[in-house]
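K.L.:
Here's my sequence, what's the structure:
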Amino acid sequence: MLAVSVAAFAVLCALGTWQVARMQWKEALLQSISDRVASPPVPVEEIVRLQTDEGDVDYVPVTVSGVFDHGNERHFFATHRGITGYFVYTPLRMADQRVVFVNRGFVPFDFKDKETRPESLIGGTVTVTGLARNAPADKPSFIVPDNDPAKNIYYWKDLSAMAALSGLTGSTKPLQFFIDTDDTPVSGGLPIGGVTIIDLPNNHLQYAITWYGLALALAGVVAAWLLGQRKTTARRRKQATPAEGG
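P.N.:
Residues are numbered from 1 along each chain as shown. The predicted structure follows:
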């Protein structure tokens with residue numbers, strides 16, 4: 001029992017130490033994101049360079065100009081401020097003919113079809129400012145539903161599928177990241193921009209306290225058990241000792 005308790009104590013302490021390391025990593029990540037978001041917007045060429053060199057462009061402010069291809073809107077199922085609807089992802093074609101998918105923001109469920117919000121179909125060259133977002137390589141989890149391209153409903157941001165359905169393949173494929181627009185109001189009020197949520201839970205401290213607390217509790221239980229064993233042994237020895245004058 002003592003050997004098992006020592007092993008369990010070591011495991012609990014190791015788990016606590018691991019959570020402390022995770023907490024330090026998460027705090028550094030959150031600080032990095034905060035620094036990125038606070039930095040001035042860079043041209044889209046800088047995002048392309050950063051993605052090539054480092055592979056990570058999440059939350060880097062970016063600005064880009066081009067013409068929206070509203071006919072190839074893609075709709076990502078989402079909620080915003082408690083309302084069900086969609087994020088509208090629209091291809092933006094730049095002057096050099098490169099294309100990037102822009103998350104223009106949120107529209108309520110009844111405004112999925114672009115015909116219901118003609119004011120949102122901005123024509124001509126526009127300048128977009130927002131945050132670059134990494135495109136996921138795969139579906140985040142098996143619990144996430146499969147996308148339904150036939151109904152133009154996406155449950156995870158499959159850039160390849162969005163591009164293929166928009167005819168953007170081969171040499172015309174879009175840049176391999178998204179841009180979330182800022183909250184600059186648009187004509188008609190839809191889509192509602194600025195929907196990027198930076199919400200990375202950091203519960204590692206309480207996890208560490210839990211593991212260390214369990215280790216301390218285990219140590220207390222084992223100490224109490226050892227003390228009880230010692231008292232029991234002493235009592236037995238006393239009972240086994242012949243009385244004086246016997």
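
K.L.:
Residue 74 versus the residue positioned nearest the centre of the chain, what's the distance?
P.N.:
Nearest to the mean C-alpha position of the chain, counting by CA atoms, centre = their mean, stands residue 200 at 6.2 Å. Using CB to CB, to the nearest Å, residue 200 is found at 26 Å from residue 74. No exception for glycine: its C-beta is placed from N, CA and C like everyone else's.

K.L.:
re earlier: list the contacts for the residue nearest to the centre of the chain?
P.N.:
Residue 200 makes contacts with 26, 29-30, 33, as judged by CB atoms under 8 Å, 6 or more residues apart in numbering.

K.L.:
same question, residue 82
P.N.:
Neighbour list for residue 82: empty [criterion: CB under 8 Å, 6+ apart].

K.L.:
Next, work out how far apart it and residue 190 are.
P.N.:
17 Å.

K.L.:
Quick one: mean pLDDT for stretch 14-25?
P.N.:
For stretch 14-25, mean pLDDT is 86.

K.L.:
chain center to that stretch, what's the gap?
P.N.:
Stretch 14-25 sits 19 Å away from the centroid of its parent chain (CA atoms, centre = their mean, to the nearest Å).

K.L.:
and it, which residues are buried?
P.N.:
The neighbour-count check on stretch 14-25 (16 or more other CB atoms under 10 Å) flags 15-16, 19-20, 22-23 as buried.

K.L.:
how about the CA coordinates for that stretch, as CSV?
P.N.:
Provided in CSV are the C-alpha atoms of stretch 14-25 (Å, rounded to 0.1, in the frame of the first residue of the first chain):
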residue,chain,number,x,y,z
ALA,A,14,3.7,15.4,-12.0
LEU,A,15,0.2,16.2,-13.3
GLY,A,16,0.2,19.4,-11.2
THR,A,17,3.6,20.4,-12.5
TRP,A,18,2.4,19.7,-16.1
GLN,A,19,-0.6,22.0,-15.6
VAL,A,20,1.7,24.8,-14.3
ALA,A,21,3.8,24.4,-17.5
ARG,A,22,0.6,24.5,-19.6
MET,A,23,-0.5,27.6,-17.7
GLN,A,24,2.7,29.4,-18.5
TRP,A,25,2.4,28.4,-22.2
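
K.L.:
Now the phi/psi pair for residue 77, please.
P.N.:
When quoted as degrees, to the nearest 10, the phi and psi of residue 77 stand at phi -60, psi 130.

K.L.:
now do residue 173
P.N.:
Taking degrees, to the nearest 10 as the convention, residue 173 sits at phi -60, psi 150.

K.L.:
what sits against it?
P.N.:
Contacts for residue 173 (CB under 8 Å, 6+ apart) come out as 99, 163.

K.L.:
and if you look at residue 8?
P.N.:
By CB under 8 Å, 6+ apart, residue 8 lies in contact with residue 218.

K.L.:
can I assume residue 52 sits in a helix?
P.N.:
Yes. Assessed with DSSP: H, G, I helix; E, B strand; the rest coil, residue 52 lies in a helix.

K.L.:
Tell me where the chain has helices.
P.N.:
Using DSSP state H, the helices assigned to the chain run over residues 2-38, 44-54, 159-165, 204-240.

K.L.:
out of those helices, which comes closest to residue 179?
P.N.:
helix 44-54 (8.0 Å; CB to CB).

K.L.:
any idea how far that closest one is from the chain center?
P.N.:
How far helix 44-54 lies from its chain's middle: 21 Å, per CA atoms, centre = their mean.

K.L.:
same deal with stretch 1-8?
P.N.:
Put simply, stretch 1-8 sits 38 Å off its chain's centre (CA atoms, centre = their mean).

K.L.:
Just the buried positions in that stretch, please.
P.N.:
residue 5.

K.L.:
Quick one: mean pLDDT for that stretch?
P.N.:
Mean per-residue pLDDT for stretch 1-8: 81.

K.L.:
Using CSV, list the CA coordinates for that stretch.
P.N.:
Provided in CSV are the C-alpha atoms of stretch 1-8 (Å, rounded to 0.1, in the frame of the first residue of the first chain):
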residue,chain,number,x,y,z
MET,A,1,0.0,0.0,0.0
LEU,A,2,2.8,2.4,0.8
ALA,A,3,4.5,1.7,-2.5
VAL,A,4,1.3,2.3,-4.4
SER,A,5,0.7,5.5,-2.4
VAL,A,6,4.2,6.8,-3.2
ALA,A,7,3.7,6.1,-6.9
ALA,A,8,0.2,7.8,-6.9
